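Novice: predicted model, plus sequence, below.
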Amino acid sequence: MSTSPYFTSSGRQTRSAAREAISALSTKQKQPRRHIKIEYEKRQQEAVASEDNKIGDVAAKKRKKEIPATKAHTSGWEPANWREQLANIREMRKSRDAPVDSQGCEKTADVNQSPETVRYQVLISLMLSSQTKDQVTFAAMEKLKAYGLTIENILKTTTGKIGELIYPVGFWKKKADYIKDATKICAEKYNGDIPPTVEELVKLPGVGPKMAHITMNVAWGQVTGIGVDTHVHRISNRLGWVKKPTKVPEDTRLAVESWLPREEWDELNLLLVGFGQQTCLPVGPQCETCLNCKICPEGRRRTRGKPEKKTNKKSPKRRKR
Ligand code: SF4
């Protein structure tokens, strides 16, 4: 196991340690961690809603999409019990022994490399992670690093070889193409570094908003938005953290950012991903043992043992009763 700062602490400190390690290495572009206002340019983005969506389908159709702006504290609404729910999740996650804690993107970069290479490796790790378990992503990153995961080396590598190295991550063929194309852009447009803003990161092939926000956090040390993947999306809906149910992670991000204080954004992805891997599972969440059971709408519904039916007072059936 590496002795890098990535492997020395847990929890909130883990992501902070990762950021600090990268930041400390940087001699050219060291930037203090700060919250920044994101003004997304309105534009048509090509087929990169890859994470948590059907990456292959999206890419194949070249669906164009507009990235909406982050709007912090704009709703005037907040969910009941969210502070207690979040505290309970922190309590349930205090051992930090979920797969994401040891094999997430903060753990995969080689901090003995240059700051530019560390940032590039964080980005590649996130590109590999969509539709892929942390264990599989971690193994692919180990193979890539052993081969030489630098922009210079990947530029000289065929997509076939990249595919061979990253197999069996989800959509490995398409991701090999994305990695090769994104690497060329990093080399040609960013002087061998990764793009430094969300707006520019999402222009890279295969990079969507979730990856961009987590990259900004882990690689650049800036909290620009909540990284909402399938776990954060699912759990936010189950806990009632969205005013109305949301269908896609990007809508969930905007909904949660509209009420959750910014100081909580940094940790939320890591916290909920691990919680989703261990307790609030996609299928068969462990509501009976979850500390939130009594204050979670989904938990209450499941532990009552029957579906919560919507009350429609105008329903003819209900009026007959
Ligand atoms: S009670 Fe169930 S659905 Fe709610 S947060 Fe806990 S595990 Fe998830």
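Specialist: Perfect, I can see it now.
Novice: A140 versus the residue of the stretch 151-300 of the chain found nearest the ligand, what's the distance?
Specialist: Of all residues in the stretch 151-300 of the chain, G299 sits closest to the ligand, at 2.4 Å by CB to the nearest ligand atom. The C-beta positions use only the backbone N, C-alpha and C, and glycine is treated the same way. According to CB to CB, to the nearest Å, G299 and A140 sit 35 Å apart.
Novice: same question, A182
Specialist: 16 Å.
Novice: and I226, by the same measure?
Specialist: 25 Å.
Novice: out of the two, which sits in the more crowded spot?
Specialist: Shown here are I226 and A140; by other CB atoms under 10 Å, I226 has more neighbours (28 against 23).
Novice: contact partners for that one?
Specialist: Each residue near I226 by CB atoms under 8 Å, 6 or more residues apart in numbering is listed here: 213, 232, 253, 256-257, 260, 265, 268-269.
Novice: now list the buried members of the residues you listed.
Specialist: Buried subset of the contacts of I226 (neighbour count, 16 or more other CB atoms under 10 Å): 213, 232, 253, 256-257, 260, 265, 268-269.
Novice: can you tell me the centre-most residue of this protein?
Specialist: Nearest to the mean C-alpha position of the chain, by CA atoms, centre = their mean, lies G227 at 4.0 Å.
Novice: can you pull the pLDDT of that residue?
Specialist: Note for G227: predicted pLDDT of 94.
Novice: cool, and I38?
Specialist: For I38, the model assigns a pLDDT of 43.
Novice: swap in V111?
Specialist: On the pLDDT scale, V111 gets 93.
Novice: how about P282?
Specialist: For P282, pLDDT reads 97.
Novice: and what of the one 4 residues further on?
Specialist: Turning to Q286, the model gives it a pLDDT of 97.
Novice: from here on, call the first residue 433.
Specialist: Fine by me, first position is 433 from now on; the one you just mentioned is Q718.
Novice: quick one: the residue nearest to it when sequence neighbours are not counted from C725, how far?
Specialist: Once flanking residues are discounted, Q718 sits nearest to T711: 5.1 Å by CB to CB, 6 or more residues apart in numbering. Distance from T711 to C725, counting by CB to CB: 11 Å.
Novice: nothing else from me, thank you.
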